[in-house]
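>>> coords please:
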Amino acid sequence: MKNYKYSLEKYNPKVGKHICPSCNHRSVFVRYINNDSGEYLDETIGRCDREDKCGYHKYPKEYFQEHSPYQVEQPYVYQNVKSEMDQLPIYIDEETVSSTLGQYGSNSFVQGLIDVFGQDEVMKVVSRYKIGTRVDRDDEVIFWQFDRNMNCRSGKVMSYDRATIKRGKTISWMHTILGRTDFNLSQCLFGEHLITSKHDPVIVVESEKSAIIGSIVIPEFIWVATGGKSSGVVDKLKVLKNYKVTLVPDIDATESWKKLVDENTELQGMVVNEYLFYVATEEQRKNQYDIADFLLDEWSSPSNKTKLP
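Alright, predicted model coming up:
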């Protein structure tokens, strides 16, 4: 077993977590420590737990490169460095996934969608995306991630308010709930398994909810989700190289996604739709208005004829 010079601190309830230097939220930031001395590294070195809303993660190596280039050549071993074998994805078995495909009567996310769109349309989409229900807590939805080969990479677990279809604050993963301590999470796009041809027009959004609602309202497109605005987005999008792709980020990620497209050759040709960025009101920006909100508003309008701008 390797002895790492630096690693993320283990959670200690007496100490708790720290303030994130990026999003400034309290009790979400995990810092790196020097395992030889037990001391913290710089307060900017660590990982924010708010993956969907922040995604900040600065490794010790990055800090040393920025502040002391001569230290880059030191033979440090980092916790995130794994062997090629360790980096291979581990999958959730089909039996486990199948056991969650039901109990939708108490699934608040699915029931919230049925209240708006009706049971027939919603259940078609639930089946296509293989949405699950957590067996031991049946008000929580599981967004299983299947890659192009129908391998299940894991499932993101969230709770939703039925009346508003707004999610709760906590996010968990099925491999953690199942106690898979050996699990190597290698995420893919949510809905990636639905892309079968390079002729398929694809819309990429941030949240799984947005992909589901989009696929109901505008079914001519294949809707997939990155599951967040920053962490691993480029790697997830590489599978869509040379496809006809429109990116529809949340308002606060519009500029960063445009930058990703400009700076990464694998994403060239992908188009960032900026409509929401320009038309959103200050109140909508404050309330983190996104494409799902827009589509729900349009669906509820008298005309009931929604077209993506």
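
>>> hey, what's Met47 bridged with?
Check again: residue 47 is Arg, not Met. Counting by DSSP bridges, Arg47 is bridged to Val30, His57.

>>> these two touch, right, it and His57?
Yes - contact criterion C-beta atoms under 8 Å: Arg47 and His57 qualify, at 4.4 Å. The way it works is simple: take the backbone N, C-alpha and C, and place the C-beta from them, glycine included.

>>> those two: who's more crowded?
Of the pair Arg47 and His57, Arg47 is the one with more neighbours under other C-beta atoms under 10 Å, namely 21 against 17.

>>> for that one, list the residues it contacts.
Leu8, Phe29, Val30, Tyr56, His57, Lys58 (C-beta atoms under 8 Å, 6 or more residues apart in numbering).

>>> most neighbours, which of these?
Phe29 (23 neighbours).

>>> just the pLDDT for it.
Reported pLDDT at Phe29 in the predicted model: 85.

>>> tell me how far it lies from Ser22.
Per C-beta to C-beta, to the nearest Å, Phe29 is found 9 Å from Ser22.

>>> now for these two: what residues contact both?
With C-beta under 8 Å, 6+ apart, Phe29 and Ser22 have common neighbours Cys48, Tyr56.

>>> so which helix or strand of the chain has the lowest pLDDT on average?
helix 60-67 (a mean of 73; mean pLDDT, DSSP states H and E).

>>> distance between the longest strand seen in the chain and the chain's centre?
Longest strand in the chain, counting residues (DSSP state E): strand 152-161. Per C-alpha atoms, centre = their mean, to the nearest Å, the displacement of strand 152-161 from the mean C-alpha position of its chain is 10 Å.

>>> what of stretch 97-106?
In terms of C-alpha atoms, centre = their mean, the centre of stretch 97-106 is set 22 Å apart from its chain centre.

>>> what about it, how long is it end to end?
18 Å (C-alpha to C-alpha, to the nearest Å).

>>> in it, what's buried?
Buried residues in stretch 97-106, counted by 16 or more other C-beta atoms under 10 Å: Val97, Thr100, Tyr104.

>>> list the contacts for the first one?
Counting by C-beta under 8 Å, 6+ apart, Val97 makes contact with Lys130, Gly132, Trp144, Cys152, Gly155.

>>> can you give me the strands in the chain?
Counting by DSSP E, the strands of the chain are 6-8, 29-34, 46-48, 57-58, 132-133, 140-146, 152-161, 166-173, 202-205, 222-225, 245-248, 271-272.

>>> per-residue confidence averaged over the third one?
The one in question is strand 46-48. For strand 46-48, the mean pLDDT works out to 86.

>>> also the fifth one?
Averaging pLDDT along strand 132-133 yields 96.

>>> for that strand, give me every contacting residue.
97, 100-104, 106-107, 110, 140-144, 155.

>>> then the last one?
For strand 271-272, the surrounding residues in contact (C-beta under 8 Å, 6+ apart) are Val245, Thr246, Leu247, Val248, Pro249, Thr254, Trp257, Lys258, Val261.

>>> list the strands paired with it, with their directions.
Applying DSSP bridges, strand 271-272 is found paired with strand 245-248 (parallel).

>>> restrict the partner strand to CA atoms and write it as PDB.
Presented in PDB, the C-alpha positions along strand 245-248 are these (Å, rounded to 0.1, in the frame of the first residue of the first chain):
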ATOM      1  CA  VAL A 245     -24.700  19.100 -30.600                       C
ATOM      2  CA  THR A 246     -26.300  22.100 -28.900                       C
ATOM      3  CA  LEU A 247     -25.200  22.900 -25.400                       C
ATOM      4  CA  VAL A 248     -27.800  24.600 -23.200                       C
END
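
>>> now it, how far from the chain's geometric center?
16 Å.

>>> going forward, the N-terminal residue is numbered 4.
With the count now opening at 4, the last piece we talked about shows up as strand 248-251.

>>> residues in contact with that strand: which ones?
Against strand 248-251 from outside (C-beta under 8 Å, 6+ apart): 204-208, 213, 224, 240, 260, 264, 272-276, 279, 294, 311.

>>> related to what we said a few turns ago, quick one: which of the contacts of Val100 is nearest Glu301?
Lys133 (26.7 Å; C-beta to C-beta).

>>> distance of that closest one relative to Val100?
Using C-beta to C-beta, we find Lys133 at a distance of 7 Å from Val100.

>>> give me the common contacts of these two.
By C-beta under 8 Å, 6+ apart, the residues touching both Lys133 and Val100 are Trp147.

>>> all helices of the protein, in order?
Applying DSSP state H to the chain gives helices spanning 63-70, 97-101, 111-120, 122-132, 177-180, 211-220, 236-240, 257-266, 278-282, 285-289, 294-303.

>>> ok, which of these comes nearest Glu46?
Nearest of those (C-beta to C-beta): helix 63-70, 10.4 Å.
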